[in-house]
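> Here is a sequence together with a model predicted from it:
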Amino acid sequence: MIHDSTDLPLWAATTVAGLLLIGASLALIGAIGFLRLPTFYERIHAPTLGTSWGVGAIMLASMVFFSVASERLVIHELLIGAFVTVTTPVTFMLLARAALHRDRAEGDPIVPAKGSGRDLVEK
């Protein structure tokens, strides 16, 4: 049985509040970085960190809240965390590769030529 949220002990309430503030702050920083950075390739990093770490903190807050409120261990959020941890970086990597392919096809002079990174590593 889940108790009312006003019945949470002080340590649990402060832990949940702190984790929610951290998660929301990281998501906000990611959103601001997304808006402020000038190019697509720079913009792709900020939301990745905001999403991964922000969702992680909110997920931990949810685990603490529902574990204390229901008086049993609640770890369903770990599955959400695993999906976010795996899918977010992969999605952004695929978006970056698609943008790189598009920019190379259009002949954008800022984008390095294909294989130029490999040539630098081999020398």
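Received it, and whenever you're ready, just let me know what you need.
> roughly how far is stretch 85-98 from the heart of the chain?
The chain centroid and the centroid of stretch 85-98 are separated by 11 Å under Cα atoms, centre = their mean, to the nearest Å.
> Contacts for that stretch, please.
Residues outside stretch 85-98 that contact it (Cβ atoms under 8 Å, 6 or more residues apart in numbering) are 40-41, 44, 47-48, 51-52, 56. For glycine as for every other residue, the C-beta is placed from the backbone atoms N, C-alpha and C.
> quick check: longest helix of the protein.
Identified as the longest helix of the chain according to DSSP state H is helix 77-106.
> Just the buried residues of that helix, please?
Within helix 77-106, the residues that qualify as buried are 77, 81, 84, 88, 92, 99-100, 103, counting by 16 or more other Cβ atoms under 10 Å.
> Which of these sits closest to residue 112?
Closest approach to residue 112 among these (Cβ to Cβ): residue 100, at 9.0 Å.
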